[in-house]
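Student: here is my input, please return the structure:
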Amino acid sequence: MKIFLNGDSLTIGKTVKIAREKAKVGIDPSALPRLTAARDYVDNVSAKKTPVYGINTGFGKFSDVLVNEKDVKLLQKNLLLSHACGVGQPFDKEIVRGMLALRINALVGGHSGVKPDTLELMAQMLNLDIIPIIPEKGSLGASGDLAPLSHMALPLLGLGEVFYKGKITPTVEAFAKAGLVPVELTAKEGLALINGTQAMCSISALAAFDALNLLKTADIVASLTVEALTGITDAFDCRIHDLRGQKGQVSVADNLRKLLAGSNLTSRQGELRVQDAYTLRCIPQIHGASRDSLSYVSEIVERELNAVTDNPLIFHDTKECFSGGNFHGQYLSMAADYLAIAAASLANVSERRVERLVNPQLSNGLPAFLVREGGLNSGFMIPQYVAAALVGENKVLCHPASVDSIPSSANQEDHVSMGMTAARKARTVIENVTNVLGIELFCACQAAELRGVEKLSMAGKAVFDLVRNVVPFIDNDVYMSPLIKKCTDLVRSGNVVKIVESIVGKLK
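Tutor: Below you'll find the model as predicted:
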C-alpha cells in the first residue's frame with residue numbers, strides 16, 4: 001500500500017499505517033505545480049533587498065536583520081544546526097516516521113517554498129526506513145516544534161544521526177549505503193522544515209488512535225467485572241440513557257446490553273440488592289463521557305494533520321507572503337490535555353472495579369483477594385496496588401500543560417503552548433490506562449472462574465477463553481508481573497474486541 005500525500009486527505013488511520021506499519025509514501029503529482037510556483041516566488045524575493053521574514057532575514061528576535069543574498073544558503077544550514085539542541089532519550093521510531101509524513105503533508109500545499117527535491121528525499125527516507133534520531137525534550141510548541149523538527153531536518157543535509165537497519169548510524173554513512181544524496185537547502189527551506197506542529201501532532205495522533213482503540217475494550221473488560229460481581233443489568237436499560245441523550249453514554253449502554261446478554265451471573269433490580277455502586281451502575285455515564293471527549297480530540301488532531309503550519313505563508317497566485325501564527329500549538333496542547341484526562345478517567349473507574357473484585361467487603365461473596373487459601377497466599381492483593389499507583393501517576397500527569405507559558409526569544413515569542421509536554425504526557429497516560437485495564441481483565445477472569453465460568457454470557461466466555469490461553473487460574477501465589485503483561489498485551493492488541501465482535505456483532 002502506498003499513501004500519496006497531498007496536504008488535505010491524511011487521517012489518523014493513515015498516519016498510523018505510515019508510522020507503525022511502514023506503509024510507503026509518495027508525493028501526490030498534483031502538488032508539483034503548486035510547489036514550483038511557490039519556489040519561484042521565494043527565489044524572486046531572495047534576489048531583492050526588500051526584507052521578507054524567513055527568506056532574507058534572521059529568525060525570531062533577529063527578524064529585523066537583513067541577510068545578504070550570498071549568505072541565504074548558509075542561513076538555512078545555520079538555522080538547523082543552532083536549533084537542533086534537544087535533550088533526553090530519542091523518540092520512538094514510529095513518532096519520527098509520523099513527523100516526517102506530517103511535515104511532507106504540510107509542505108506539499110505549496111505555501112512554504114520548499115523544493116520538490118527536498119520533499120522527495122524525505123519520502124525516500126521514510127520508504128527506506130532511514131529515521132532521524134530526535135531527542136524527545138526541548139519544544140515549547142509555539143514557533144512550532146523547533147528543536148525536534150531541526151533534528152528531523154538535519155539528515156537532509158547529510159548531518160546528524162539516523163536509525164538504519166537496526167542501528168544508530170551517522171547520516172552520511174546511511175545515505176551512502178542506501179544510495180541517497182543530501183540536498184542543499186536554499187532560501188526559506190530550513191525555516192519551512194522546522195516551523196510547525198508536526199512533532200506534537202505525530203505523538204497526539206498515535207495517542208488518540210490508541211485511546212480510541214481502548215474504548216471498546218474498556219466496555220468489554222467492565223462487562224466481565226459486572227458479571228463477576230453479579231451486577232444489576234437494569235441500570236443499562238436503553239430508556240434510562242435515551243432520556244439523557246448523550247451519544248457516548250447511549251453507545252456504552254448498548255454495548256453492555258449486547259455483552260451481558262445470556263449471562264447467568266448478572267442480576268435484576270431487587271433480586272440480590274436494590275442498586276450497585278457507581279463503578280458498575282454508572283459505566284455508561286463514565287465511559288461515555290470519555291468516548292465523546294476522545295471523539296472531539298480526534299477531530300482536532302485530524303484537522304491538524306492536514307494543516308499548513310509554516311510561517312511566513314506564501315500565496316503564489318497573488319504573489320504575497322504573510323507572517324502569521326499557524327505554528328502555534330495551542331489547539332493540540334489543549335486537545336492533548338483533554339486526551340489525557342479522558343483516557344485517565346477510564347483507568348480511574350477500572351481501578352475502582354478492581355478494588356471491588358479483591359475486597360471481600362465489596363465483592364458480593366468472592367474470597368479475599370480472589371484466592372481460596374488466603375494468608376498463605378496474597379493472591380491479587382498487589383495487582384490492585386499497581387493499578388492504584390498507575391492511576392495516581394495519571395492524576396499528576398493530567399495537570400494541564402496548556403495553561404502554562406514561558407516567554408522566549410527575548411519576549412518576541414511571549415506566549416507558548418507547551419503542546420509537546422501535553423502530547424508526551426498524554427502518551428504516558430494512555431500506556432498507564434492500558435496496563436490498568438490489563439490488570440482488571442486478569443482479576444475479572446479469576447473472579448469469573450471462582451463464580452462459575454459456565455454461567456458467563458457468550459461474550460464473557462469468549463473473553464475468558466482468550467485470556468486463559470495466555471494466563472492460568474491462580475490457585476497459589478506465582479510470579480505475577482509476566483502474567484499482567486500478557487493481559488495488557490491482549491488489551492493493546494485489539495484481539496479482545498475482535499473475538500467479542502465475532503460473537504455479538506459490531507460494538508459501537
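
Student: from here on, contacts and neighbour counts on C-alpha atoms
Tutor: Will do.

Student: can you show me the helices along the stretch 351-500 of the chain?
Tutor: 381-397, 419-451, 458-468, 481-493, 495-504 (DSSP state H, counting those that start in this stretch).

Student: and those: which comes nearest Val301?
Tutor: helix 419-451 (11.2 Å; Cα to Cα).

Student: next, the angle from the closest one to helix 481-493.
Tutor: Our comparison of helix 419-451 with helix 481-493, counting by axes from the mean of the first three to the mean of the last three Cα atoms, to 10 degrees, yields an angle of 110 degrees.

Student: quick one: mean pLDDT for helix 419-451?
Tutor: The average pLDDT within helix 419-451 is 97.

Student: who does that helix touch, helix- and strand-wise?
Tutor: helix 198-228, helix 330-358, helix 381-397, helix 458-468, helix 481-493 (3 or more Cα pairs under 8 Å, 6 or more residues apart in numbering; DSSP states H and E).

Student: ok, back up a step: packed most tightly, which of the helices of the stretch 351-500 of the chain would that be?
Tutor: Highest mean neighbour count of the helices of the stretch 351-500 of the chain: helix 419-451, a mean of 26 (counted as mean count of other Cα atoms under 10 Å).

Student: can you lay out the helices and strands packed on helix 419-451 as CSV showing mean pLDDT and distance to Ser9?
Tutor: What follows is these, written out as CSV (pLDDT from 0 to 100; distance: least, Cα to Cα, whole Å):
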stretch, mean pLDDT, distance to Ser9
helix 198-228, 97, 14
helix 330-358, 97, 19
helix 381-397, 98, 32
helix 458-468, 98, 37
helix 481-493, 97, 27
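
Student: Leu35: which of the ones you listed is closest?
Tutor: helix 198-228 (19.5 Å).

Student: one step back: quick one: which of the helices of the stretch 351-500 of the chain is nearest Val252?
Tutor: That would be helix 495-504 among those, by Cα to Cα, at 13.9 Å.

Student: now the angle from the closest one to helix 481-493?
Tutor: 60 degrees.

Student: how close does Lys77 sit to Leu157?
Tutor: 8 Å (Cα to Cα, to the nearest Å).

Student: okay, and the common contacts of those two?
Tutor: Leu185 (Cα atoms under 8 Å, 6 or more residues apart in numbering).

Student: ok, back up a step: would you turn the helices and strands packed on helix 419-451 into a markdown table with distance to Thr11?
Tutor: Putting the helices and strands packed on helix 419-451 into a markdown table (distance: least, Cα to Cα, whole Å) gives the following:
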| stretch | distance to Thr11 |
| --- | --- |
| helix 198-228 | 9 |
| helix 330-358 | 15 |
| helix 381-397 | 27 |
| helix 458-468 | 31 |
| helix 481-493 | 21 |
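
Student: now for those helices, which one comes closest to Glu94?
Tutor: helix 198-228 (8.6 Å).

Student: list the contacts of Glu501.
Tutor: Leu507.

Student: could you list the low-pLDDT ranges of the chain?
Tutor: Along the chain, segments meeting pLDDT under 70 span 60-61, 63.

Student: and Asp117, which of the helices of the stretch 351-500 of the chain is closest to it?
Tutor: Among these, if distance is taken as Cα to Cα, the winner is helix 419-451, at 29.0 Å.

Student: between helix 330-358 and the closest one, find me the angle.
Tutor: Using the same axes, to 10 degrees: helix 419-451 against helix 330-358 is 20 degrees.

Student: quick one: the strands in the stretch 51-200 of the chain?
Tutor: All strands of the stretch 51-200 of the chain, identified by DSSP state E, counting those that start in this stretch, fall at 87-90, 131-132, 135-137, 161-164, 167-170.

Student: check which helices and strands the fourth one is in contact with.
Tutor: Just to be clear, that refers to strand 161-164. So strand 161-164, by 3+ Cα pairs under 8 Å, 6+ apart, packs with strand 131-132, strand 167-170, helix 171-178.

Student: nearest to Asn213, out of those?
Tutor: Taking Cα to Cα, strand 131-132 is the member of these nearest to Asn213, at 26.4 Å.

Student: and the closest one, which strands flank it?
Tutor: When pairing is defined by DSSP bridges, strand 131-132 lines up against strand 161-164 (antiparallel).

Student: contacts for the strand it pairs with next, please.
Tutor: Contacts of strand 161-164 (Cα under 8 Å, 6+ apart): Asp129, Ile130, Ile131, Pro132, Ile133, Pro155, Ile168, Thr169, Pro170, Thr171, Ala174.

Student: can you name the two of those residues that are farthest apart?
Tutor: Across the contacts of strand 161-164 (Cα to Cα), the longest gap, 14.3 Å, separates Asp129 and Pro170.

Student: hang on, Leu272 in a helix?
Tutor: No - assessed with DSSP: H, G, I helix; E, B strand; the rest coil, Leu272 is coil; it does not lie in a helix.
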